[in-house]
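[1] Provide a 3D model corresponding to the input given below.
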Amino acid sequence: MNAIKDKLRAHIEKFLSLSDAEISSIFDHFTFQEFKKNELIIAEGQPVKHVYFVLSGLVKLTYTDSDAKQHLISFAMEDWWETDFVAFYSQSRATLALKCIENTQTLCLTLENFEKLCAQMQKMEHFFLKKSIAGHIGSQQRILSFLTSSAKERYEQIIKSQPSLIQRIPKTLLASYLGVSRETLSRIL
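    Purely as a prediction, here's the structure:
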């Protein structure tokens with residue numbers, strides 16, 4: 001467990017410094033969970049009990065519309081946080097699904113423990129605020145890229161911003177993420 005605690009500490013310390021006592025206290029609020037490739041972490045319609053910090057592996061967040069078409073919202077790999085945030089914070093049922101693309105190890109944080117952690121340690125409230133802001137910025141950039149960029153430009157943006165992701169996901173998922181068909185992606189490549 002020390003290696004896992006060290007990963008969490010290294011991630012948090014990208015934003016702020018922690019004492020050994022602080023990281024131990026923070027770590028006590030999490031549980032460890034492993035998932036297999038293709039396993040659903042969150043199923044649509046189910047309660048969302050955790051936000052997940054990805055230690056290793058890769059997951060995808062999807063939305064299935066009324067025509068049963070699946071839309072890829074995001075990917076999360078090492079050092080990323082993921083969940084159906086609306087359902088998590090409102091303690092409602094999921095409208096999104098979170099599924100493993102690879103075997104995945106996570107640290108799980110309940111809303112109760114999230115709130116306790118933020119109340120007990122202003123540093124962590126600050127950390128989560130920074131992470132939320134970064135997430136909002138990323139979401140806005142993704143929306144703007146769909147509104148203003150061609151599929152080729154979106155592909156080039158992903159290569160530039162997330163080169164390791166491109167090597168880890170199948171072309172069909174990449175095409176979905178870019179909002180194009182597999183055939184269109186082949187022409188871009």
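[2] can you give me the distance of the spatially most central residue of the chain to Ser25?
    Residue closest to the mean C-alpha point of the chain, counted by C-alpha atoms, centre = their mean, is Glu82 at 3.0 Å. Noted for Glu82: a distance of 24 Å to Ser25, by C-beta to C-beta, to the nearest Å. Where you see a C-beta, it was placed from the backbone N, CA and C, and this is true even at glycine.
[3] quick one: find the helix or strand in this structure with the lowest mean pLDDT.
    Between all helices and strands in the chain, the lowest mean by mean pLDDT, DSSP states H and E belongs to helix 182-188, at a mean of 84.
[4] show me what counts as buried in the biggest helix by length in the chain.
    Using DSSP state H, we find that the single longest helix of the chain is helix 122-148. Buried residues in helix 122-148, counting neighbours by 16 or more other C-beta atoms under 10 Å, are found at 123-124, 127-128, 131, 142, 145.
[5] elements contacting that helix?
    helix 111-120, helix 151-161 (3 or more C-beta pairs under 8 Å, 6 or more residues apart in numbering; DSSP states H and E).
[6] for Glu102, find the nearest of those.
    Ranking the helices and strands packed on helix 122-148 by proximity to Glu102 (C-beta to C-beta) places helix 151-161 first, at 18.0 Å.
[7] export that closest one to CSV, keeping only CA atoms.
    Listed next in CSV are the C-alpha coordinates belonging to helix 151-161 (Å, rounded to 0.1, in the frame of the first residue of the first chain):
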residue,chain,number,x,y,z
ALA,A,151,-11.7,16.2,-37.6
LYS,A,152,-8.1,16.4,-38.8
GLU,A,153,-7.4,19.4,-36.5
ARG,A,154,-9.1,17.6,-33.5
TYR,A,155,-6.9,14.5,-34.2
GLU,A,156,-3.8,16.8,-34.3
GLN,A,157,-4.8,18.4,-31.0
ILE,A,158,-5.1,15.0,-29.3
ILE,A,159,-1.7,13.9,-30.7
LYS,A,160,-0.2,17.1,-29.3
SER,A,161,-2.0,17.1,-25.9
